[in-house]
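>>> from the sequence below, what's the structure:
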Amino acid sequence: MKFIYADALDFVDPDFDFASDRTSEGRVVQWDDEYPHEFLERSPYDGILVSRGVVGDIQHQGKYTLPQVMRFRREGARKFLRYTLDKYPDSLLFGDCGAFTYRDQAVPPYTPIDTMEFYADGGFTHGCSVDHIIFDFDEGTGRSRAEMPQDVLDRYDLTLQLASEFFAESKRLKGFIPMGVIQGWSGPSMGHAAAELVKMGYTYLAVGGLVPLKIPQIHAALSAIRKAIPGHVKLHLLGFGKIENLAEFEQYGIASFDTTSPLVRAFKDAVKNYFSRDSEGQLSYYTAIRVPQARDNNKLKAKARRGVLNQEVAMKLEAAALDSVRTFAGGKMPIEPALDNILAYWKALNWREDHDDASQMRSLVKQRAIYHRTLTEQPWTRCNCRVCTEGGVETLLFRSSNRNKRRGFHNLHVFYEHLLAHRLAA
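Have a look, this model is predicted:
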């Protein structure tokens, strides 16, 4: 099972200064920064997926600036991402349209013809057909076509029509593997869509619409799809974030999946910010210690405007919390006084004058226990990736983009090593 990382311009300044929280002097974004495959000792994925909706163009703005869009189309994805075959042999380059970015539109803003041109310009090895996401999902046998709203049927039929046109266009691009995207509102409807795509000539199918689905629903969808298609047809899971449950889906013959989950959990998850592998080879998680920059934090600035918290006091609490984390990690401060200072800043940040003090105190006690585990177990000392060896305890500070994405790079490293170990065991 290949791990394809879904990129969204995720890079870090390799010369970021932790002490001053500043990027390197003269830094030019993207040019001087490093992607995970550059920053780490080896690439933490088998390939990269780039969504057309993330890249954007003149008509549809994505995350790329217009000069970046033009350079991406001119140079190709591999050169732009600095993910060339000479440095990363056997690596894969997937593309899709990013259906979630145009989910509210009646029809996709892209056509099979211009999507194929996008893939050709980018030098992609694999590319998904144009699809329109369906959010409805019924477990079990599901509703029949006659019971479905017309807008859902329109999206379903349009996805198949566009897939047919896309497959015809793909024949003019050598060395390219077209992937037909499956959308549906139930297991049976997705199974029917998969069978139709195989009839068109597809040998690699991408299962869409998985992001909001629960585990039983994903099982229902994949079971129906696999029963409807020959065993030689490959399956790819688009935007698969349920990485803890990955092993249980192997029964469906999954060839590949893409996700950003290990990286984004570093700064979007409330608890699972730092990945580790326990003594039994299972993924385990730690919570990063939140010490936001007092001058920039919106919560603290709002409190300052209301007169609830003096900004100078907040800055002193921030400095004390930072110093305590670093001093404890250096073995020069006991855990309890260090936690006192860390939690004093946490309280200034999270305490609400209009909330019940007793419930907030319970939250404070809970947070103390969480941070106590992170600091006493010191997981960064057990990891030999570049993020941890260079950053040390800084890796566990939830603070700025360069720090948080570094922790995301570490998570990618741990997750990929976990997958490699699983492959060897199998």
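>>> only C-alpha atoms from now on, for both contacts and neighbour counts.
Will do.
>>> mind listing the strands for the stretch 251-400 of the chain?
254-259, 274-277, 283-286, 289-290, 397-398 (DSSP state E, counting those that start in this stretch).
>>> redo these as JSON lines? Include mean pLDDT and mean neighbour count.
Formatted as JSON lines, the strands of the stretch 251-400 of the chain follow (pLDDT from 0 to 100; neighbours: other Cα atoms under 10 Å):
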{"stretch": "strand 254-259", "mean pLDDT": "97", "mean neighbour count": "20"}
{"stretch": "strand 274-277", "mean pLDDT": "96", "mean neighbour count": "23"}
{"stretch": "strand 283-286", "mean pLDDT": "96", "mean neighbour count": "16"}
{"stretch": "strand 289-290", "mean pLDDT": "97", "mean neighbour count": "22"}
{"stretch": "strand 397-398", "mean pLDDT": "97", "mean neighbour count": "22"}
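>>> residue 96: which of the ones you listed is closest?
Minimum separation from residue 96 across the strands of the stretch 251-400 of the chain (Cα to Cα) falls at strand 254-259, 10.9 Å.
>>> what strands line up against the closest one, and which way round?
Within its sheet, and counting by DSSP bridges, strand 254-259 is paired with strand 2-6 (parallel), strand 234-237 (parallel).
>>> how long is stretch 118-131 end to end?
Using Cα to Cα, to the nearest Å, the end-to-end distance of stretch 118-131 comes to 15 Å.
>>> from here on, count from 234
Fine by me, first position is 234 from now on; the one you just mentioned is stretch 351-364.
>>> select the longest helix from this protein.
Longest helix of the chain, by residue count under DSSP state H: helix 634-658.
>>> would you indicate which residues of it are buried?
For helix 634-658, burial by neighbour count (16 or more other Cα atoms under 10 Å) applies to 635-649, 651-652.
>>> now swap in stretch 546-555 and tell me
Within stretch 546-555, the residues that qualify as buried are 547-548, 550-555, counting by 16+ other Cα under 10 Å.
>>> ok, residue 296 - contacts?
By Cα atoms under 8 Å, 6 or more residues apart in numbering, the contact set of residue 296 is 241-242, 287-289.
>>> let's see 10 Å
241-242, 286-290, 302 (Cα atoms under 10 Å, 6 or more residues apart in numbering).
>>> buried subset of those?
Among these, those buried by neighbour count (16+ other Cα under 10 Å) are 286-290, 302.
>>> tell me which two of the residues you listed sit farthest apart.
Pairwise distances across the buried ones among the contacts of residue 296 (Cα to Cα) peak at 11.3 Å, for the pair 286 and 302.
>>> is it true that residue 634 touches residue 245?
Yes - contact between residue 634 and residue 245 holds when scored by Cα atoms under 10 Å: they sit 8.2 Å apart.
>>> next up, phi/psi of the residue of the chain most remote from its centre, please.
What lies farthest from the middle of the chain is residue 540; by Cα atoms, centre = their mean that is 38.1 Å. Backbone dihedrals for residue 540, given as degrees, to the nearest 10, come out at phi 80, psi 20.
>>> residues touching it, list them.
Contacts of residue 540 by Cα under 10 Å, 6+ apart are residue 534.
>>> who does the worst-scoring helix or strand of the chain on mean pLDDT touch, helix- and strand-wise?
Of all helical and strand segments in the chain, the minimum by mean pLDDT, DSSP states H and E falls on helix 531-539, at a mean of 88. If contacts are counted by 3 or more Cα pairs under 10 Å, 6 or more residues apart in numbering; DSSP states H and E, helix 531-539 sits against helix 544-562, helix 568-583.
>>> show me which positions of it end up buried.
Going by neighbour count (16+ other Cα under 10 Å), the buried part of helix 531-539 is 533-534, 536.
>>> and for stretch 362-369?
Buried positions in stretch 362-369, judged by neighbour count with 16+ other Cα under 10 Å: 362-368.
>>> and the furthest pair within the residues you listed?
Going by Cα to Cα, the pair spanning those furthest: 362 and 368, at 18.2 Å.
>>> list the contacts for residue 607?
507, 518-522, 601, 613, 626, 629.
>>> kind regards, and thank you for your time.
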